[in-house]
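Peer 1: Here's a sequence, model it:
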Amino acid sequence: MTCTLLIRCYRGAAVWAFLLWTLALPLVAQTTNPNQIALLRWYGANTTTSFSVGSFPYRMAFDGADIWVTNYASSGTVTKLRANDGAVLGTFDVGSYPDAAAYDGANIWVANSLSNTVSKLRAIDGVTLGTFPVGTYPDSLAFDGANMWVANANSSNVTKLRVSDGANLGTFTMGGSGGPLAIAFDGTNLWTANGYAGTVSKLRPSDGAVLAVYYAQAYPAALCFDGTSLWIANETAATVTKMRPSDGYILASYAVGSYPLGVAYDGANVWVANWNASTVTKLRASDGATLGTFPTPYPLGVAFDGANIWFANIYAGTVSKM
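Peer 2: Sure thing, here's the model as predicted:
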């Protein structure tokens, strides 16, 4: 009787969904970001929502309100989308073949791979505040709270830029790393994915010193940090590796789809873009269990906006919001 009266007092599909979620709380709470539950995101992934952007959407960054997408073409641009509804707020010129993007709390930084430069755009309106030379083929960016770090794939080094004015604070050689294809910050140290060498390097932010080099698997190409562990997408191995940052110990490796080229953390799960398989894989961060595999055409870049995960579909000219 109590349950019947309670249900009659509440009306609307949203409340019904909340009641059903409450009954299943112990199970759902282990696999779903609480922010998604707050928005009634009880489903595994939305596979129907996508938005058109520029030619060859490649990588993405979230600025707290909007999603920025690099369009990988000679006449390089970035597209700014409002995250809540996908509305295009602007398209802005940058350098040639823009690869990666990152947010510093006020500005968007874009790595222009064939211009060998990085562009700094004011996030509020897309105005270019500066363009700064870096190494050869910059293809990944990471912000450490004060500086922007650039992975230069073809010159086997990383560049440290001061975000306030773009001043070059140093370029640090990775030795025989085989070209850094990705860079990430774990709150203490920087990490690079050295694709050709099958390793990841751990760098000290104060001086760029390489503290250690650890084996990953075949051709590590993307990185993300979940607050505890480093996740490494291994392109030709079709796996992701979960690594302990303190000592580089491999906690586990998990099979995903063919050519995983992007990886991101949503607060509870790790999402992997399987470019060649045209799928994305959702793994529970705590134990690596596969929670789902979802179709999307040739995904590459991944970004999380606090509630939804986004994928850049390079050949479709779209981004998917899941």
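
Peer 1: Does Trp271 belong to a helix, a strand or coil?
Peer 2: Three-state call for Trp271 (DSSP: H, G, I helix; E, B strand; the rest coil): strand.

Peer 1: OK, contacts around it?
Peer 2: The contact partners of Trp271, by Cβ atoms under 8 Å, 6 or more residues apart in numbering, come to 263-265, 280-283, 302, 304, 309. Where you see a C-beta, it was placed from the backbone N, CA and C, and this is true even at glycine.

Peer 1: Widest-spaced pair of those?
Peer 2: Thr281 and Phe304 (14.9 Å; Cβ to Cβ).

Peer 1: And the two? Which one has more around it.
Peer 2: The residue with more neighbours, out of Thr281 and Phe304, is Thr281; 23 against 20, by other Cβ atoms under 10 Å.

Peer 1: correct me, but that one touches Val263?
Peer 2: No. Using Cβ atoms under 8 Å, Thr281 makes no contact with Val263, being 9.6 Å away.

Peer 1: If you rank the contacts of Trp271 by neighbours, which is first?
Peer 2: Comparing those by number of neighbours (other Cβ under 10 Å), Val280 comes first, having 28 neighbours.

Peer 1: so who does that one touch?
Peer 2: Neighbour list for Val280: 45, 257, 271-274, 293-294, 296, 299, 302, 309, 311, 322 [criterion: Cβ under 8 Å, 6+ apart].

Peer 1: again, 6 Å this time
Peer 2: By Cβ atoms under 6 Å, 6 or more residues apart in numbering, the contact set of Val280 is 271, 273, 294, 296, 299, 311.

Peer 1: Please apply the same query to Arg244.
Peer 2: Listed by Cβ under 6 Å, 6+ apart, the contact set of Arg244 reads Leu251.

Peer 1: That one and Ile250, how far apart?
Peer 2: With distances taken as Cβ to Cβ, to the nearest Å, Arg244 is found 8 Å from Ile250.

Peer 1: for Gly170, what are its contacts?
Peer 2: Gly170 makes contacts with 160, 208, as judged by Cβ under 6 Å, 6+ apart.

Peer 1: does Leu261 sit in a helix, a strand or a coil?
Peer 2: Of the three states, Leu261 takes strand under three-state DSSP.

Peer 1: any idea which of the contacts of Val280 is the one closest to Thr159?
Peer 2: Thr159 has its nearest neighbour among those in Ala273, at 25.6 Å by Cβ to Cβ.

Peer 1: doesn't Tyr298 make contact with that closest one?
Peer 2: No. The pair Ala273 / Tyr298 is not scored as a contact, 8.9 Å apart, by Cβ atoms under 6 Å.

Peer 1: Can you pull the phi and psi angles for Asp202?
Peer 2: Quick fix: residue 202 reads Lys, not Asp. Backbone torsions of Lys202, given as degrees, to the nearest 10, read phi -110, psi 120.

Peer 1: hmm, back to that, comparing Ala273 and Tyr298, which shows the higher neighbour count?
Peer 2: Using other Cβ under 10 Å as the criterion, Ala273 and Tyr298 rank with Ala273 on top: 30 against 20.

Peer 1: distance of that one from Ile309?
Peer 2: As judged by Cβ to Cβ, Ala273 and Ile309 stand 10 Å apart.

Peer 1: swap in Val210?
Peer 2: Val210 sits 32 Å away from Ile309, going by Cβ to Cβ.

Peer 1: before we move on, what about Trp271?
Peer 2: 5 Å.

Peer 1: Stretch 52-70: end-to-end distance?
Peer 2: Using Cα to Cα, to the nearest Å, the end-to-end distance of stretch 52-70 comes to 13 Å.
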